[in-house]
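> Next input, structure requested:
(2 chains)
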Amino acid sequence: GEEVAQTPKHLVRGEGQKAKLYCAPIKGHSYVFWYQQVLKNEFKFLISFQNENVFDETGMPKERFSAKCLPNSPCSLEIQATKLEDSAVYFCASSQSQGGVYNEQFFGPGTRLTVL
Amino acid sequence: GENVEQHPSTLSVQEGDSAVIKCTYSDSASNYFPWYKQELGKRPQLIIDIRSNVGEKKDQRIAVTLNKTAKHFSLHITETQPEDSAVYFCAAYAGNTPLVFGKGTRLSVIA
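Numbers count the residues shown, from 1 in each chain, chains lettered A, B, ... in the order given. Below is the predicted model:
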């Protein structure tokens, strides 16, 4: 597709429940990025993938967050045992390549996660 | 790691006036500086970018300048219009590292 797709649009979870978000990158893009945007607008980098391999996971709170990009499947971001502070909009972005020459990251519409 | 500071956090201008948003970065290895516009409830969209081998780039009413020595870059919007109202983010990229964003500037253009 020509746009990054994310599902669901909105997700509501009780504290302690699991949340799973999905992202389909633009066809032909080999890099996928996940960002968390909290109410103050700040973007926090979580993790990036080169195809199905983790490229950079320096931003991931590893205790409860995990992510995958498997062949022929949407990428996913999973939060086990959600906390109130996980409430945010989660954006996925994809780009053609990274490393050396930078290529534009195209963002998906985001998933708004609300933890009650 | 890279740190990007962005100022001001909010900016109000009269329609037709110019708006300037400034960013500084810390990593001298950064070589790519994009600017994103995010309207309320929407995804960020790239509006202009500049690479480290260029000092200035212009696209109609939008321009970006880069001073590598001082490690700062700025977004200039001329003849502002109400539809320019949004949150603008600068970012820096140092190669094989995550894109690091500034904290955003909320621009309001008053008709």
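
> quick one: contacts for B:D59?
B:I47, B:I48 (Cβ atoms under 8 Å, 6 or more residues apart in numbering or on different chains). C-beta: built from backbone N, CA, C; applies to glycine.

> Apply 10 Å and report the result again.
Residues in contact with B:D59 (Cβ atoms under 10 Å, 6 or more residues apart in numbering or on different chains) are B:I47, B:I48, B:D49.

> for the residues you listed, which one is nearest chain A?
Chain A lies nearest to B:D49 out of those, by Cβ to the nearest Cβ, at 7.2 Å.

> Show me which positions of whichever strand or helix holds that closest one end up buried.
Using DSSP states H and E, B:D49 sits within strand B:45-51. Neighbour counts over strand B:45-51 (16 or more other Cβ atoms under 10 Å in any protein chain shown) mark B:I47, B:I48, B:D49, B:I50 as buried.

> Am I right that A:G14 is in contact with A:K83?
No - assessed by Cβ atoms under 10 Å, A:G14 is found out of contact with A:K83, at 11.0 Å.

> Give me the neighbour count for the closest residue to B:I47 other than its chain neighbours.
Of all residues not flanking B:I47 in the chain, B:K37 sits nearest, at 4.8 Å (Cβ to Cβ, 6 or more residues apart in numbering or on different chains). A total of 20 residues lie near B:K37 under the criterion other Cβ atoms under 10 Å in any protein chain shown.

> Next, the buried residues of the helix or strand harbouring B:K37.
Using DSSP H and E, B:K37 falls within strand B:32-38. By 16+ other Cβ under 10 Å, the buried positions in strand B:32-38 come out as B:Y32, B:F33, B:P34, B:W35, B:Y36, B:K37, B:Q38.

> And the residues you listed, which two are furthest apart?
Across the buried residues of strand B:32-38, the longest distance by Cβ to Cβ is 19.0 Å; it joins B:Y32 and B:Q38.

> Of A:G14 and A:K83, which one has the most company?
A:K83 (12 against 8).
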